[in-house]
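Asks: This is a predicted model, with the sequence first.
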Amino acid sequence: MLDVAVIEETGAAEASLDPVRARLLAALAVPGSATTLAAQTGLTRQKVNYHLRALEAHGLVELVEERRKGNCTERVLQATARSYVISPSALADVAPDPDRARDQTSARWLIALAARLIREVGEMLAGATAARKQLATFAVDSEIRFGSAADRAAFAAELSDAVTALVSRYHDAAAPGGRPHRLVIALHPSLKPPGVPPAHTPGESATP
């Protein structure tokens, strides 16, 4: 079982978004059958089987084993991943395009970049997994508390200068056998727990 899988096919996305099927996927983090799932969810065995067939058809669950019980064969299934992310490829006609309106200070452009990241890495990860190869990636996740909006702006400017210098140092357009890599850096306010009002940064307007 994978820790995270990216859903790229429209039908699979539709199947995963069905509330009943999402519950079954969550329950199948551990192997189960229609009988055990019916007991857990309160659904009939026939209805569970119906949903399981749809999930299996889209590769969201897979057969673990078959157990013979009297005159019947019980199929034990498991979800193919613990968590799923839907790629913009599943909504190709309306997928965001970060090249359409580039704006470093736009939250919507940041979302478009994130969507492209999921789509591109998801596609490459699927290919690497099929080929049983490791996909070369690197990520940094951190949190910074700025004392003021001016500090945040200064940090963004210094970060931009540092990244530009590093790119200039290591980018080699003529390197034989070289492979382009995409670098995305994001900075945004951290989410607060439900019920906690967002903190107000000194020097920043309280309205969007």
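Replies: Now that the structure is in, tell me what you want to look at.
Asks: ok, how many other residues are close to residue 77?
Replies: A count of nearby residues for residue 77, using other C-beta atoms under 10 Å, gives 21. In short, each C-beta sits where N, CA and C put it, glycine included.
Asks: thinking it is in contact with residue 53, fair?
Replies: No - contact criterion C-beta atoms under 8 Å: residue 77 and residue 53 do not qualify, at 10.1 Å.
Asks: Return the backbone torsion pair for the spatially most central residue of the chain.
Replies: Centroid-nearest residue in the chain: residue 85, 3.6 Å away (criterion: C-alpha atoms, centre = their mean). Dihedral pair for residue 85: phi -130, psi 130, per degrees, to the nearest 10.
Asks: Pretty sure it sits against residue 119.
Replies: No - proximity of residue 85 to residue 119 does not meet the contact threshold set by C-beta under 8 Å, at 10.2 Å.
Asks: Show the subsequent helix or strand relative to the lengthiest helix in the chain.
Replies: Longest helix in the chain, counting residues (DSSP state H): helix 107-130. Remark: after helix 107-130, the chain's next helix or strand is helix 149-170, criterion DSSP states H and E.
Asks: What average pLDDT does that following helix get?
Replies: Per-residue pLDDT over helix 149-170 has a mean of 96.
Asks: what domains does the record give for the protein?
Replies: Domain assignment for the chain by automatic domain parsing gives 2-84, 138-208.
Asks: re earlier: how about the residue nearest to the centre of the chain, what does it touch?
Replies: Counting by C-beta atoms under 8 Å, 6 or more residues apart in numbering, residue 85 makes contact with 4, 5, 6, 7, 118, 122.
Asks: What separation is there between it and residue 77?
Replies: With distances taken as C-beta to C-beta, to the nearest Å, residue 85 is found 21 Å from residue 77.
Asks: so which helix or strand takes in the residue nearest to residue 122 when sequence neighbours are not counted?
Replies: Distances taken as C-beta to C-beta, 6 or more residues apart in numbering put residue 6 closest to residue 122, at 3.1 Å, once the chain neighbours are dropped. In the assignment (DSSP H and E), residue 6 maps to strand 2-7.
Asks: Pull out the buried positions in that strand.
Replies: For strand 2-7, burial by neighbour count (16 or more other C-beta atoms under 10 Å) applies to 5, 6, 7.
Asks: Show me what whatever helix or strand comes next after it is packed up against.
Replies: As assigned by DSSP H and E, the chain's next helix or strand after strand 2-7 is helix 10-17. Applying 3 or more C-beta pairs under 8 Å, 6 or more residues apart in numbering; DSSP states H and E, we find helix 10-17 packed against helix 19-27, helix 45-57, strand 81-86.
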